[in-house]
Each structure stands twice: as C-alpha cells, then as structure tokens.
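Trainee: prediction below, plus the sequence it came from.
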Amino acid sequence: MTSHQSAQTMKPATAAKKLGVYLEATPAEFREGVVSRAELNELQANPPQWLQDLRRNGPHPRPVVAAKLGVSIAGLARGGVTEPLTSDQIETLKQESPEWLVRERATQAEVRKEAARIKEKNAQRNG
C-alpha cells in the first residue's frame, strides 16, 4: 500500500472567497482552472498585481461590501444592494449615508453589543 498524497485543490469560487475577491472580476486563467492549497498560500503571501488591484478597487463581493459598510449581508439586501460594488461606490454610499445604511449600521451595532454582553455573561458564569 503506497502512501500517495495528492495536492489538495479547490474550485476557483472557493479560492476567490478565501482571497476576499469577486470571482467574476478575476482573470480568466484563475476562473477556468483549479487552485491548489500551495497556490492559494502563494497568492495570499505574494499577491500578484491583479489581486492587489481587486482588493483595493473592487468590485468587491457582498461579504466585503457589508464589512466595509459596517452592516450585515442581510442588511445589504434589505437596502437593495445585491450587486458587487467598487471601493468608490462604497465610499459614495458612506458619504451619502442613506436612511437604510444608518438603520442597518445601528442594527449591527446593537447585535455586536448584545453579543459582547452574552460573551461577558458566559465568561462570568464559567470563570
């Protein structure tokens, strides 16, 4: 019995998610192949220019947009944001501060506050 270990690979969509970039904006050679764990580690350690540009300018996937705006992904949907946004579009939204964004940021702040309260309560109970 031989111990032959193949390189772990992932679909481009999974790799894009781990890199925090929008798959459709990546180069064709990235979208059309598979990505090994070693290649992913290399992309994270030494991002090529296309990856640096995508991370800086976008378009950004919804989880990144939500984090940059300080809201949940569901909050983005409630605000009508369903498409990826560029960094400029995110900054414009922040400056315009529409009512839905103010409301969703307040909701997110309450969620974080409640999570911190529960964590502290559990720490006191267990500690």
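Mentor: That came in fine, so what should we check first?
Trainee: for the protein, just list every one of the strands.
Mentor: For the chain, the strands defined by DSSP state E cover 9-10, 35-36.
Trainee: most packed of these?
Mentor: Across those, averaging neighbours per residue (mean count of other Cβ atoms under 10 Å) puts strand 35-36 on top, at a mean of 18. (C-beta placed from N, C-alpha, C; glycine too.)
Trainee: how far out from the middle of the chain is that one?
Mentor: Distance of strand 35-36 from the chain centroid (Cα atoms, centre = their mean, to the nearest Å) equals 19 Å.
Trainee: quick one: low-confidence parts of the protein?
Mentor: 1-6 (pLDDT under 70).
Trainee: same thing but 50
Mentor: Counting by pLDDT under 50, the chain has low-confidence residues at 1-5.
Trainee: roughly how far out does the longest helix seen in the chain sit from the chain middle?
Mentor: Across the chain, the longest stretch assigned as helix under DSSP state H is helix 99-126. Taking Cα atoms, centre = their mean, one finds helix 99-126 lying 20 Å from the centre of the chain it belongs to.
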